[in-house]
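Colleague: Quick one: sequence plus predicted model below, questions after.
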Amino acid sequence: MTYYKKLVGEKCYLSPCSLEDAEKWTEWDNDLEFAIPLGEEAFMVFSLDKMKEIIGNLIKKQDPIFSIIDLKTDTPIGRCMLFNVDKVNRKAMLGIGIGSKKYWNKGYGQDATKLLLDYGFNLLNLNNIMLGVFSYNQRAINCYRKIGFKEIGRRRKSKIIGGKIFDEIFMDILAEEFESAYVNRFVKKESK
């Protein structure tokens, strides 16, 4: 499969998602170690045909959806997207997952999230990007905090899994709180 370097980070790049990504997505979403931290995917069973349908629908909606590709090997390692994009109020929701376990805890999620924020704030001209994460997903929470996301609220005791009850944490980041590491390299400052 051919991938395209839409945004390039230090460890990975974002490539437009295609139906050919369905096989990897199906593999990841049927792995509980990947799916449980994401939430809803954990109880669902995904066939390859169903995943192609899901990806096709996401592409039709025209929300930004990307494959996360390892910069050194051109291997797909995850996915990320902005969804519920509101162009009038300049806001969106963010979702990300690193599906390939050998890339966990190595900074790839942080790198990909920064690239997606760069895209949202500097190309889509968004002002607020929000996400939801379950309180048991401490790895993701730490990643988001390092990038600059702030907790803005909780939905208490909203996730029951394995007989345990967890909160859903809502976090956001504003355009003024984010510094571009990629897109602004292409825009020269106007001299006065």
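Modeller: Good, I have the coordinates. Numbers count the residues shown, from 1 in each chain.
Colleague: For the rest of this, base every contact and every neighbour count on C-alpha atoms.
Modeller: Noted.
Colleague: Tell me the first helix or strand C-terminal of the helix or strand where residue 50 lies.
Modeller: Per DSSP states H and E: residue 50 is located in helix 48-61. Moving toward the C-terminus from helix 48-61, the next helix or strand (DSSP H and E) is strand 65-70.
Colleague: same question for that next one, mean pLDDT?
Modeller: Across strand 65-70, the average pLDDT comes to 97.
Colleague: Give me the contacts around it.
Modeller: When contacts are defined by C-alpha atoms under 8 Å, 6 or more residues apart in numbering, strand 65-70 is touched by residues 3, 11-17, 21, 58-59, 75-82, 98, 112.
Colleague: re earlier: could you list the buried residues of the helix holding residue 50?
Modeller: Across helix 48-61, burial judged by 16 or more other C-alpha atoms under 10 Å covers 51, 52, 55, 58, 59.
Colleague: Can you show me the strands along this structure?
Modeller: Secondary structure of the chain, counting by DSSP state E: strands at 7-8, 12-16, 65-70, 76-86, 91-98, 128-134, 150-161, 164-174.
Colleague: can you tell which of those strands is closest to residue 118?
Modeller: strand 7-8 (8.8 Å; C-alpha to C-alpha).
Colleague: And for the closest residue to residue 135 other than its chain neighbours, the neighbour number?
Modeller: Leaving aside its sequence neighbours, residue 135 sits nearest to residue 167 (C-alpha to C-alpha, 6 or more residues apart in numbering; 5.4 Å). By other C-alpha atoms under 10 Å, 16 other residues sit near residue 167.
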